[in-house]
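Engineer: what follows is a predicted structure for the sequence shown.
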Amino acid sequence: MKLYVLRHGETDYNAGNLVQGTTDIPLSEEGRRQALRARKRVEDLGLSFERVYSSPLQRALVTGELVTGRSRETFLADRRLREIEVGALAGRSTLEDTEIMRNFMCFPDRYVPLPGGESFPELVKRAGDFLEWIRKEDLPGSTLVCTHGGWMHAMRMYLEPGPMRDFWKPPITNCTMFVLETGREGRWKITDIIENTEGRALGF
């Protein structure tokens, strides 16, 4: 059983180094081009997806539509796949020289979210809960999951635990896709990473 986990294409917030969180920002023209290039990579690999799960945020939904050529009406939207909730950090520059932004970007182990925000351990748990749930579902041969950069970092932290200070390392660019497979013990493992070398890693 394989799971393909895809980060959405670029948005204007990504390009402008602004924190998005769950703010529903659309894809930019570059983001749409990235998604179409991802579709070409998928086609070149001979992949097709029998089921698509997606974050309900439009940047993930539209990326899924462009990559698969299917309408979002056929997707299974799941709130567990949405980006990290950042509260009042939304819309602020990631280059801002404040303690909370430095911690968010550079020292995730020190980050304390603002009211309404979500901590990194909470996001890791949310990603893990989804992965454990979907592992028990009756999945077809190949399933696509359209989500966000922060969520994918949390997924990797759940599957390959390490210090929380390394949450953002290594970077995951827009439209990069992770391949997960279940091993003999029935647990997910990351078996491949199909990178988009033209995408941006910043902007969450």
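Structural biologist: Alright, I've got the coordinates.

Engineer: mind listing what's buried in stretch 83-90?
Structural biologist: Glu83, Ile84, Glu85, Val86, Leu89, Ala90 (16 or more other Cβ atoms under 10 Å). Placement of C-beta: from N, CA and C, glycine included.

Engineer: now, which of the residues you listed lie within strands?
Structural biologist: In strands, judged by DSSP state E, none of the buried residues of stretch 83-90 are found.

Engineer: now for these, which pair is the farthest apart?
Structural biologist: The most widely separated members of the buried residues of stretch 83-90 are Glu83 and Leu89, with 11.7 Å between them, by Cβ to Cβ.

Engineer: who touches both of these two?
Structural biologist: Both Glu83 and Leu89 are in contact with Gly21, where contact means Cβ atoms under 8 Å, 6 or more residues apart in numbering.

Engineer: and the spatially most central residue of the chain, backbone torsions?
Structural biologist: Centroid-nearest residue in the chain: His148, 2.4 Å away (criterion: Cα atoms, centre = their mean). Main-chain dihedrals, His148, degrees, to the nearest 10: phi -130, psi 160.

Engineer: find the nearest non-adjacent residue to it, please.
Structural biologist: In space, and not counting its chain neighbours, His148 is closest to Glu83: 3.8 Å by Cβ to Cβ, 6 or more residues apart in numbering.

Engineer: isn't that neighbour up against Val19?
Structural biologist: No: assessed by Cβ atoms under 8 Å, Glu83 is found out of contact with Val19, at 9.6 Å.

Engineer: just the helices in this protein please.
Structural biologist: Under the criterion DSSP state H, the chain contains helices at 12-15, 29-44, 58-68, 99-106, 120-135, 149-159.

Engineer: of all these, which one comes closest to Met1?
Structural biologist: Of all the helices of the chain, helix 120-135 sits nearest to Met1, with 8.2 Å by Cβ to Cβ.

Engineer: the closest one packs against which elements?
Structural biologist: Secondary-structure packing of helix 120-135 (3 or more Cβ pairs under 8 Å, 6 or more residues apart in numbering; DSSP states H and E): helix 149-159.

Engineer: next, the angle from the helix it packs on to helix 120-135.
Structural biologist: Counting by axes from the mean of the first three to the mean of the last three Cα atoms, to 10 degrees, helix 149-159 lies at 80 degrees to helix 120-135.

Engineer: buried residues in helix 149-159?
Structural biologist: Result for helix 149-159 [16+ other Cβ under 10 Å]: buried residues Gly149, Gly150, Trp151, Met152, His153, Ala154, Met155, Arg156, Met157, Tyr158, Leu159.

Engineer: out of the buried residues of stretch 83-90, flag the one nearest to Met101.
Structural biologist: For the buried residues of stretch 83-90, the nearest to Met101 is Leu89 (7.4 Å; Cβ to Cβ).

Engineer: who's in contact with the closest one?
Structural biologist: By Cβ under 8 Å, 6+ apart, the neighbours of Leu89 are Val19, Gly21, Ile100, Met101, Phe104, Pro113, Leu114, Gly117.

Engineer: out of everything not next to it in sequence, what's closest to the first one?
Structural biologist: I take that to be Val19. That would be Leu89: by Cβ to Cβ, 6+ apart, it lies 4.9 Å from Val19.
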